[in-house]
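S.K.: For reference, the sequence and a predicted model appear below.
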Amino acid sequence: MSEGLAGPRFRSIRSRIFTGFGIVMVLLVCLFQFLAQVASGFIENASTVIAERYTAPMAALEQVASARAALAAGPVAQRASAAQAIKAPLDEVLAKTPKELSAPAEAMQADYQALLAAAQSGGDISAAQQAMAGHATELRESLLKTAKGSQAEYVDTSTQNATMIFVLFLIVILVGVVGWWVSRSVRRPIIGLMAALDRLAEGDLTVEIPVESRDEIGRMATALRSALEGIRGIVSQVATTADRLTTSSTGLTRSSSDIAGSARSGADQAAKAARTADEVSRHVSTVASGAVELDASVASIARSTTEAATVAGGAATTAADTNRIIERLDASSSEIGSVIAVITGIAAQTNLLALNATIEAARAGEAGRGFSVVASEVGELARQTAQATEDVSRRIEAIQTEARKAVAAVGSITQVIEQIDSYQTAIATAVEEQAAVAAEMSRNVTHAAGGVEEIASDIAAAAGAAGNTTRGADETQNAAHELATLAGALREGLVRFRY
């Protein structure tokens, strides 16, 4: 039994029912005793009443009869005194006779007066004696009859009282039996409910309610059964939820750990990428500066090439004029041919380097450095071309000296100069295209520098976001641990229940 039911203030329903029926039985017993006392008092009162109302007049009548007998048997001289002796008992008869029966006693008083008068006068007292005796007999019979009637009435009343007392006794017994039956019929289902509630208080949700009655206790048992089924379902659902919560918290802990590790790794990689992006940004800025300088250099080369083309055109005109003048330069033609061969080789190499420069420029990126090398080579070839031109000039002077020997050679020189003019024009066109490419490359590199800076900024922001993700993953992991702790506590709280 639970502590609340075992407390000092607990009173069972059985004790309450017994208390109620006990009070009723005590009242009935008190009523029984009261009726018994009333019956006893009634009997005693009846005896007293009969003794007072009937026995006393009868005794006085006997005294009157004895006095009359003494009067009749005594001498005539003493009749007056003997007659006076009758007065006292006769008065007692009249005084103690009930009023409803006092007529014969009053008649006896009249007879006594006649008897007294006859006795005092010495006359015949027999008539008065007979009249008094007749009235005495009548009074005696009335008293006896009335006494018997009263006695019968008292007997009937006593019988009724006894019957009532017996019936009351039976009622007391019946009340006790009914109280025991009611207590038993009420106590048995309540004991079943108490046992079920004790098991329920201990956490046993599998208990069965043994009450099947249709009274209030049965309805209470039905309601308790329904509530118990609901609690059993709720506890089962809570236990399932706690298990799932434990599993989910474990998975969440693992996931948050993985996320935290990935976030830390991502943060490290983002930090490295940010540093690399900064370095790339610096390099791209340097390349952009070099591209600007290269653009300026290519523009300068283009101007120089244009001027060289102009000079070559002038040289062609001069050669034509010289062709008319130095028809006799045949002796120096072989040497001029060698020089022309050198110039041709240099032009070929210049053309090849120009093509290489174009290819290198198309590759862009870090290839700008290669383009710078090609540009240097172009400069070197231009220098060699200048040296060869100077050599040609000297040899032309020699040819002019031997003009007459160089007529045929001047014609060849004219053709070579025309070819050089064509090559210079091609070089000028290529340089112009290379200048456009260099300008476009400069713009692209500048734009790339801005993009790299944006990328570096984005990578830095990504690194910050990765740091925030790491902190969020740590917080999620802590929350998952706390959730697992709560799930464990909930599961421990459900251990005491059997469902």
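M.R.: Right, received. Where do you want to start?
S.K.: For Ala65, give me its contacts.
M.R.: Shown in contact with Ala65 (C-beta atoms under 8 Å, 6 or more residues apart in numbering): 133, 136. Just so you know, the C-beta spots here come from the backbone N, C-alpha and C atoms, and that holds for glycine as well.
S.K.: what does the average pLDDT come to for the helix or strand Ile165 falls within?
M.R.: Ile165 belongs to helix 126-201 when assigned by DSSP states H and E. Average pLDDT, helix 126-201: 78.
S.K.: Check which helices and strands it is in contact with.
M.R.: Under the contact definition 3 or more C-beta pairs under 8 Å, 6 or more residues apart in numbering; DSSP states H and E, helix 126-201 sits against helix 13-50, helix 56-73, helix 102-121, helix 216-325.
S.K.: Also compute the angle for it relative to helix 56-73, please.
M.R.: 160 degrees (axes from the mean of the first three to the mean of the last three C-alpha atoms, to 10 degrees).
S.K.: by how many degrees do helix 126-201 and helix 102-121 diverge?
M.R.: Using the same axes, to 10 degrees: helix 126-201 against helix 102-121 is 150 degrees.
S.K.: Start at 17, not 1
M.R.: With the count now opening at 17, the last piece we talked about shows up as helix 142-217.
S.K.: mind listing what's buried in stretch 208-223?
M.R.: For stretch 208-223, burial by neighbour count (16 or more other C-beta atoms under 10 Å) applies to 208-210, 212-213, 216, 221, 223.
S.K.: count of neighbours near Ala476?
M.R.: Using other C-beta atoms under 10 Å, the number of residues around Ala476 comes to 17.
S.K.: And Thr71, how far from Ala123?
M.R.: For Thr71, the distance to Ala123 equals 21 Å [C-beta to C-beta, to the nearest Å].
S.K.: Let me fix that, I meant to ask about Glu169.
M.R.: With C-beta to C-beta as the criterion, Glu169 and Ala123 are 27 Å apart.
S.K.: Quick check on those two: which one has the bigger neighbour count.
M.R.: Shown here are Glu169 and Ala123; by other C-beta under 10 Å, Ala123 has more neighbours (17 against 11).
S.K.: Now that one: closest residue in space that isn't a chain neighbour?
M.R.: Leaving aside its chain neighbours, Ala123 sits nearest to His151 (4.3 Å; criterion: C-beta to C-beta, 6 or more residues apart in numbering).
S.K.: if I pick the one you found, what's in contact with it?
M.R.: His151 makes contacts with 120-121, 123-124, 127, as judged by C-beta under 8 Å, 6+ apart.
S.K.: how does it look with 7 Å?
M.R.: By C-beta atoms under 7 Å, 6 or more residues apart in numbering, the residues touching His151 are 120, 123-124, 127.
S.K.: will you turn the buried residues of stretch 208-223 into CSV that also has distance to Lys288?
M.R.: As requested, those are exported to CSV (distance: C-beta to C-beta, whole Å):
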residue, distance to Lys288
Gly208, 77
Leu209, 74
Met210, 75
Ala212, 70
Leu213, 69
Leu216, 65
Leu221, 60
Val223, 67
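S.K.: so which of these comes closest to Glu456?
M.R.: Glu456 lies nearest to Leu221 out of the buried residues of stretch 208-223, by C-beta to C-beta, at 83.7 Å.
S.K.: ok, that closest one to Val251 distance?
M.R.: According to C-beta to C-beta, Leu221 and Val251 sit 6 Å apart.
S.K.: what's the answer for Asp284, then?
M.R.: Per C-beta to C-beta, Asp284 is found 49 Å from Val251.
S.K.: which of the two has more neighbours?
M.R.: Ranked by neighbour count (other C-beta under 10 Å), Asp284 and Val251 place Val251 first, with 17 against 12.
S.K.: What pLDDT is listed against that one?
M.R.: 75.
S.K.: That'll do, ta.
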